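[1] Output the structure for:
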Amino acid sequence: MLEHVPAWLGKVLKGARAGHGKLAIARLGGDHLLGKGGFALRSAAFHDAGELDPSFTADEEDAVAPPLDWTAPPDGTQELVLVVEDPDAPAPQPFCHWLVWGLAPQQGQLLEGEVPPRVGKNAFGNSEWLLPDPPAGHGPHDYAFQLFALDRPLTLLPGATRDELLAAMEGHVLAAALLTGTYAREESDEDESGDGDGDGAADGGAD
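    Numbering: from 1, shown residues only. So this is what the prediction gives:
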């Protein structure tokens, strides 16, 4: 994985990014589903394209997932699904931070640090919010919070993978909403000297 990437290597890899075109929202329908019927996703903790507070990242102890709230989905919605990915990771595919489903098909919210009803495996294979942990020197990363309204309920058990979840959703997305947060790791003096490990996180994710 990408943990402990030294700052010098983060700089070298700055142009290597998975790409926004590989996000779940691009695979599942793209622009014509975005905001359909006024469907929108928001957060009281950051605005769209705004910076995530360290309290939601690997740079702070006891970090948790940010609060989210959304408007009513279109008629016919049977379930809501949340996928959070980093398309700026120096990897072949966006780095998966959160897979959540089983959300009620209505206006609602997830409180800060709330445990959702069903959670799939993140990029580290854990069923939880994977803390943003971008390599030092790699520049700002986008964290795409993608909410999908489905025309049928999912039968997936908790612990499903990203591929399994997206496969189950294909052809069943009525609308989507997108909220993007950004985060970059500041380089410490130790990073700049080349003596440190470059990300300062002993237990978090890789991006």
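[2] so who does P105 touch?
    With contact set as CB atoms under 8 Å, 6 or more residues apart in numbering, P105 has these partners: P73, T77, Q78, E79, L80, A149. In this view, the C-beta of every residue, glycine as well, is placed from N, C-alpha and C.
[3] Separate out the buried members of these.
    P73, T77, E79, L80, A149 (16 or more other CB atoms under 10 Å).
[4] for these, which one is nearest E128?
    Closest approach between the buried ones among the contacts of P105 and E128, by CB to CB: L80, at 18.9 Å.
[5] Now do G108: how many residues are near it, please.
    Residues within reach of G108, counting by other CB atoms under 10 Å, total 14.
[6] residues contacting it?
    Counting by CB under 8 Å, 6+ apart, the residues that G108 touches are D69, W70, L80.
[7] one more time with 10 Å, if that's ok
    Residues near G108 by CB atoms under 10 Å, 6 or more residues apart in numbering: L68, D69, W70, T71, A72, P73, L80.
[8] Give me the secondary structure label for A175.
    With DSSP: H, G, I helix; E, B strand; the rest coil as the basis, A175 sits in strand.
[9] What about the residue nearest to it when sequence neighbours are not counted? Give its phi and psi, please.
    Setting aside the residues directly before and after it, A175 is nearest to K36 in space (CB to CB, 6 or more residues apart in numbering), at 3.8 Å. With angles defined as degrees, to the nearest 10, K36 sits at phi -60, psi 130.
[10] Over to G21?
    Torsion angles, degrees, to the nearest 10, at G21: phi -70, psi -10.
[11] number of nearby residues for H32?
    When neighbours are counted by other CB under 10 Å, H32 comes out with 9.
[12] just the strands in this protein please.
    Along the chain, the segments classed as strands by DSSP state E run 41-42, 50-51, 68-70, 79-86, 95-103, 108-110, 118-119, 141-150, 173-183.
[13] any idea of the angle the longest one forms with strand 141-150?
    So the one you mean is strand 173-183. Relative orientation of strand 173-183 versus strand 141-150 (axes from the mean of the first three to the mean of the last three CA atoms, to 10 degrees): 160 degrees.
[14] which secondary structure elements does strand 173-183 contact?
    helix 24-27, strand 41-42, strand 50-51, strand 68-70, strand 79-86, strand 141-150 (3 or more CB pairs under 10 Å, 6 or more residues apart in numbering; DSSP states H and E).
[15] now those as JSON lines including distance to D59 and mean pLDDT?
    Formatted as JSON lines, the helices and strands packed on strand 173-183 follow (distance: least, CB to CB, whole Å; pLDDT from 0 to 100):
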{"stretch": "helix 24-27", "distance to D59": "25", "mean pLDDT": "94"}
{"stretch": "strand 41-42", "distance to D59": "24", "mean pLDDT": "98"}
{"stretch": "strand 50-51", "distance to D59": "12", "mean pLDDT": "97"}
{"stretch": "strand 68-70", "distance to D59": "20", "mean pLDDT": "98"}
{"stretch": "strand 79-86", "distance to D59": "15", "mean pLDDT": "98"}
{"stretch": "strand 141-150", "distance to D59": "13", "mean pLDDT": "97"}
